[in-house]
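1. Pasting a predicted model and its sequence here:
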Amino acid sequence: MLKRIRTAHLSVGLAGIAAFLATGLYMDRFHEHLRGYDHTVRMLYRSTHIYVLLSAVINTVMGLYLRQAESPWRRVLQLLGSAALLAGPPLFVAAFCTEPYLTGLARPWSRIAIYLAMAGAVLHLLANLPQRRTQHDRNE
C-alpha cells in the first residue's frame with residue numbers, strides 16, 4: 001500500500017509541476033504577464049500560480065521520502081494525511097481558473113486546499129511522533 005501512496009504523491013506532484021509551468025505560460029501568452037490588470041486580479045492569479053507549485057513540491061517530496069509507520073493507527077493517520085495533501089494541486093488549479101474572476105477577495109478553492117494541506121501535514125506529523133517507551137521496553 002505504501003508504494004501506491006508514494007506513487008500517487010509523486011504522480012500528483014509531477015503533474016502539479018507541469019500545471020505550474022502551464023499556468024505560467026498561460027499568464028504569459030494569453031494575459032501578457034498580467035500587464036494592465038487590476039491589482040486584485042493580478043494578486044489572485046499570481047498567488048494561486050505559486051500555490052500550485054508549493055502543493056506540487058510537497059507532494060513530490062512526499063512521494064520520494066514517505067516511510068510507512070509501524071503501528072496500524074499511525075498508518076491510518078498517514079493515509080488520511082496523504083489524501084488531504086493529494087487534493088491540493090487539483091484544488092489550486094481550480095482556484096487558478098476561477099478565483100481571479102470572483103468579486104472581492106473570495107478564495108473558496110484556495111481556502112479548502114490550504115486547510116487540507118495543513119491537515120495533511122499535521123496528520124503526518126502525528127503519525128511520526130516518537131513513540132513513548134513502556135517500562136517493559138526499557139527493561140529489555
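-> Sure thing, it's come through.
2. Helix, strand or coil: sort out the residue sitting nearest the centre point of the chain for me.
-> Centre of the chain computed as the mean C-alpha position; nearest residue by Cα atoms, centre = their mean is Ser55, 3.3 Å away. Per DSSP: H, G, I helix; E, B strand; the rest coil, the local secondary structure of Ser55 is helix.
3. what's it in contact with, if anything?
-> 16, 85, 88-89, 92, 113, 117 (Cβ atoms under 8 Å, 6 or more residues apart in numbering). Every residue, glycine included, has its C-beta placed from N, CA and C.
4. Export those as a markdown table, with columns for neighbour count.
-> Formatted as a markdown table, the contacts of Ser55 follow (neighbours: other Cβ atoms under 10 Å):
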| residue | neighbour count |
| --- | --- |
| Gly16 | 26 |
| Leu85 | 25 |
| Gly88 | 25 |
| Pro89 | 28 |
| Phe92 | 31 |
| Ala113 | 27 |
| Ala117 | 21 |
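5. Looking at these, which one is closest to Met43?
-> Phe92 (14.9 Å; Cβ to Cβ).
6. Would you mind listing the buried residues in whichever helix or strand that closest one is part of?
-> Using DSSP states H and E, Phe92 falls within helix 88-98. Going by neighbour count (16 or more other Cβ atoms under 10 Å), the buried part of helix 88-98 is 88-96.
7. next structured bit after it?
-> Going down the chain from helix 88-98, the next helix or strand is helix 108-127, by DSSP H and E.
8. Any chance you could list what contacts that following helix?
-> 47-48, 51, 55, 58, 62, 69, 74-75, 77-78, 80-85, 87-88, 91-92, 94-95, 98-99, 102.
9. Next: stretch 7-18.
-> 52-53, 55-64, 66, 82, 85-86, 88-90, 92-93.
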